[in-house]
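>>> I'd like to go over a predicted model; first the sequence, then the structure.
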Amino acid sequence: MLPDRTLKPAMAECLKVQQSIQIISDHPSNGKFTFINEQDFTSTENLSIRYRLVSEADPPKVAEGTISLPVVAPGCSQDFTVPEVLGEEERSLMRYGETFLLFEIFLTEDTAYAEAGHVVAWQQFKLCEAPKKPFPIPEASLAKTKEGAYLVETEAYRAKIGKDGLLHSLSFAGQKELLESPLRVNLFRCPTENDGIKTLQSNTDEPEFAFYHENKAFGPWFMHKLDQVITILEDIHQEEGQLCTQHRLENPDKEIFGTFIQHWVFSKDKLHYQCSFDLNDTVGGEYPRVGLACDLDRRWSACRYFGLGPHENYPDRNDGAIMGEYRATVDELYVPYIVPPQDYGIHTSLRRLDLYDGNTGSVQISGAYPFSFAFHRYTIDELWKKRHADKLEQSPPLHHLYLDAAVRGVGTATCGPDTLEQYRLPSGIYHLSFTISSSR
């Protein structure tokens, strides 16, 4: 619990993993499910179920309703169907895109521990996969400047790839500039307390504090300066209407981490982007994240996303998050970890993300496959250097967007085991692919 008595995001995980009502199905798209009451002494007399179908289609399509079930005794189960899943309107949702069915089990009357309407359990099912998208066709031509940059301009947008091979500028018709920095590689996050405790870095040589320093994840991250990764352009060329680049990833000490490859395809109204990270074992273990970062002017301060939410969720802490569409400001996405400030606000399994500037600006990033994002009002450096949240400052006046192919889990290594192997990011190849367009 935070000092203002609001719950930390981890409590949503506790609700999910400890719930005593379960719903299962071998084939959810046929509308057949089993309700299981795992309570030892209490029936479901005071419970009801509501459902919601939601599709990733934009604008989102939603169907919802309630379900009547007979009372289920303690330790018993009951089969039921949701005929609405087989209805024409609901089936049409599945033709638009990836579709999910959410069940929420809630109290129908006040109890000693919660009021009527309180959700005691939930379960979500994927009903169908997203249809495959056709390979984009180049429709806009690139102009190379004397300085070596590439410009593309259509009726819908204007973009600039700098001579360093990175996206430097992007603005859509009738909107202000999106980027205040290049779209760059980012392999670092501000360590969480489970990655290592920054407030104890002054006693690394004292044996009695060995537990707080040995085998902590963030040691190699700083040793190999992952917070200072540099992209060195090795190749840039046009190929069948695409702009292709290859960069070497290294730190200021010339340690090489691998290769970064980009492919840009420019259509009339959107930009299609693919990149690959081929990372080696230089860090001697694993990476905290693999993705991209850029700075935005502070007017870009709100977002809408289709993914897991509404609270932050990391790969090893997302069982308590629900797939759906959510809206939030950059301030609402902030999680006030008081002592000390640390990484926050990751949202996983994203399908699309819209950014808004409070005026006419509206840009959509739509993933070819799921990705993660975070939207911060503080820099990583600011989060790391400050020991208390009330000392954090927004300087310069920018917001910071992170788009990740993969994010390391957080584990429990402050006082227990680190994250499991399947939530770690070893050397290897990681991919990120999305389109950028105006969502006005």
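All right, it came through fine.
>>> give the contact list for G345.
312, 333-335, 374-376 (C-beta atoms under 8 Å, 6 or more residues apart in numbering). Every residue, glycine included, has its C-beta placed from N, CA and C.
>>> Now do the same for it: its pLDDT.
Looking at G345, its pLDDT reads 97.
>>> can you check the one 5 residues further on too?
At L350, the model reports a pLDDT of 97.
>>> give me phi/psi at it?
In terms of degrees, to the nearest 10, the main-chain angles of L350 are phi -70, psi 140.
>>> Just give the closest residue to it, not the sequence neighbours.
Using C-beta to C-beta, 6 or more residues apart in numbering and skipping residues adjacent in sequence, the residue nearest L350 is G307, 3.6 Å away.
>>> tell me the secondary structure for the one you found?
Each residue gets one of three states, and G307 gets strand by DSSP: H, G, I helix; E, B strand; the rest coil.
>>> What is the burial count for it?
G307 is flanked by 25 other residues according to other C-beta atoms under 10 Å.
>>> Next up, the contacts around it.
Shown in contact with G307 (C-beta under 8 Å, 6+ apart): 323, 326, 347-351, 353, 370, 373.
>>> buried subset of those?
With burial judged by 16 or more other C-beta atoms under 10 Å, the buried subset of those is 323, 326, 347-351, 353, 373.
>>> P83 and I67: what is the separation?
10 Å (C-beta to C-beta, to the nearest Å).
>>> shaky segments in the stretch 101-250 of the chain?
Residue ranges of the stretch 101-250 of the chain with pLDDT under 70: 201-205, 208-213.
>>> So this structure: which segments form each domain?
Here the domain parsing of the chain from automatic domain parsing is 17-128, 151-438.
>>> L142 is nearest to which of those domains?
Among the domains of the chain, domain 151-438 comes nearest to L142, with 5.3 Å by C-beta to C-beta.
>>> What is the end-to-end distance of the closest one?
18 Å (C-alpha to C-alpha, to the nearest Å).
>>> do stretch 162-179 as well
13 Å.
>>> Now that stretch: buried residues?
In stretch 162-179, counting by 16+ other C-beta under 10 Å, buried: 162, 164-172, 175, 177-179.
>>> Just give me the closest of those residues to P131.
Distances from P131 to these, taken by C-beta to C-beta, are shortest for F172, at 25.6 Å.
>>> Now do the closest one against K61, distance only.
Distance, F172 to K61, by C-beta to C-beta: 25 Å.
>>> now I232
According to C-beta to C-beta, I232 and K61 sit 46 Å apart.
>>> between those two, which one's more packed in?
K61 (18 against 14).
>>> Parallel or antiparallel, list what pairs with the strand ranked longest in the chain.
Counting residues, the longest strand found in the chain (DSSP state E) is strand 362-376. Sheet partners assigned to strand 362-376 using DSSP bridges are listed as strand 347-356 (antiparallel), strand 398-407 (antiparallel), strand 428-438 (antiparallel).
>>> for those strands, which one sits closest to F277?
Minimum separation from F277 across these (C-beta to C-beta) falls at strand 428-438, 4.5 Å.
>>> What segments of the stretch 101-250 of the chain are strands?
Under the criterion DSSP state E, counting those that start in this stretch, the stretch 101-250 of the chain contains strands at 119-128, 143-144, 150-153, 157-161, 167-172, 184-186, 230-239, 242-250.
>>> Can you list the neighbours in contact with the second one?
The set of residues external to strand 143-144 that reach it, using C-beta under 8 Å, 6+ apart, is 150-152.
>>> surely F434 meets Y369?
No. The pair F434 / Y369 is not scored as a contact, 9.1 Å apart, by C-beta atoms under 8 Å.
>>> Compare these two (neighbour count), which wins?
Just comparing F434 and Y369: by other C-beta under 10 Å the higher neighbour count belongs to F434, 23 against 12.
>>> Kind regards, and thank you for your time.
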